[in-house]
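Peer 1: Predicted model and sequence follow; I will ask about them next.
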Amino acid sequence: MGLEELQEKDYFSIGDVRRITGVPEYSIRYWEAEFGLIRPVRLPSGHRRYSKSDVYTLLKIKDLIYKHKLTLEGAKKQLNKYQFATSLDAKSAARIDVKLLAEIKEALADLIKE
């Protein structure tokens, strides 16, 4: 099981995530609580199901902690910078969409008048 499995499934058990990321289950649970960025779906049985986005976030945390040797606080700061940049990109895209929709609305209004 590896990264190729991410393409095959939408949700993963904690065991699947452990095999994909190489991160022990207790660390996955701890990072889930510590970072607040990983939000698995809970089944009625209480078992967690992680999304692809959760798995990618865990891989990023692992990279920051193990490869870049950051502390948990350092990893949080890096992830917050990334989250902020991503949210800015989303806001910019939303503004573009609103502008485009306004232009389309204006063009349609002109067509209706004709």
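Peer 2: Perfect, I can see it now. Residues are numbered from 1 along each chain as shown.
Peer 1: Backbone dihedrals for residue 37, please?
Peer 2: Main-chain torsions, residue 37, degrees, to the nearest 10: phi -100, psi -20.
Peer 1: likewise residue 68?
Peer 2: Torsion angles, degrees, to the nearest 10, at residue 68: phi -90, psi 0.
Peer 1: what about the nearest residue to residue 47 once chain neighbours are set aside, neighbour count?
Peer 2: Leaving aside its sequence neighbours, residue 47 sits nearest to residue 13 (CB to CB, 6 or more residues apart in numbering; 6.8 Å). (C-beta placed from N, C-alpha, C; glycine too.) For residue 13, the neighbour count with other CB atoms under 10 Å is 16.
Peer 1: thought residue 22 was touching residue 62?
Peer 2: Yes: using CB atoms under 8 Å, residue 22 is in contact with residue 62, at 7.3 Å.
Peer 1: Settle it for me: which of the two has more neighbours?
Peer 2: More crowded of residue 22 and residue 62, by other CB under 10 Å: residue 62, with 17 against 13.
Peer 1: Flag the shaky bits of the chain, pLDDT-wise.
Peer 2: Within the chain, the stretches with pLDDT under 70 are 1-3, 5, 82-101.
Peer 1: Can you tell me the closest non-neighbouring residue to residue 43?
Peer 2: Leaving aside its sequence neighbours, residue 43 sits nearest to residue 49 (CB to CB, 6+ apart; 6.3 Å).
Peer 1: Alright, that wraps it up for me.
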